[in-house]
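Participant: Need coordinates for the below:
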Amino acid sequence: MKEGHCLACREVGHNARDCTKYKARTPTTIRQVAPDPVPTTPAPAAAEPAKPTSKAEIIAHIRSLLQNAGDNVAEEVLMELDNTDF
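Facilitator: Residues are numbered from 1 along each chain as shown. Down below sits the predicted model:
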């Protein structure tokens, strides 16, 4: 590395901060730039209801699911429960 040479234009006799060639190439004003858009977080999905914890809550929850599902689904679930081995 040469002593006392400019790192911008590589000429001897001045430093990069005093380089007139480098300053002529670079703009001295700061351009206004639009900020990056803020990423939007998706809206949270409907909160799931609290899971039943007691035996009575579980039974009530299963009954409400079967009532809302219809007759055919309820019968199929009960048949499947009879066929499975717990």
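Participant: Which helix in this structure has the most residues?
Facilitator: The single longest helix within the chain, with elements called by DSSP state H, is helix 55-69.
Participant: Centre of the chain to that one, how far?
Facilitator: Distance of helix 55-69 from the chain centroid (C-alpha atoms, centre = their mean, to the nearest Å) equals 36 Å.
Participant: Give me the domain ranges for the chain.
Facilitator: 1-28, 53-86 (automatic domain parsing).
Participant: For these, give me CSV that also has distance to Val38.
Facilitator: In short, each C-beta sits where N, CA and C put it, glycine included. As requested, the domains of the chain are arranged in CSV below (distance: least, C-beta to C-beta, whole Å):
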stretch, distance to Val38
domain 1-28, 28
domain 53-86, 40
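Participant: Including distance to Pro42, mean neighbour count and mean pLDDT, could these go into a markdown table?
Facilitator: Listed next are the domains of the chain as a markdown table, based on distance: least, C-beta to C-beta, whole Å; neighbours: other C-beta atoms under 10 Å; pLDDT from 0 to 100:
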| stretch | distance to Pro42 | mean neighbour count | mean pLDDT |
| --- | --- | --- | --- |
| domain 1-28 | 40 | 11 | 75 |
| domain 53-86 | 28 | 10 | 79 |
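Participant: what's stretch 59-69 in contact with?
Facilitator: Stretch 59-69 has contacts (C-beta atoms under 8 Å, 6 or more residues apart in numbering) with Pro52, Val73, Ala74, Val77.
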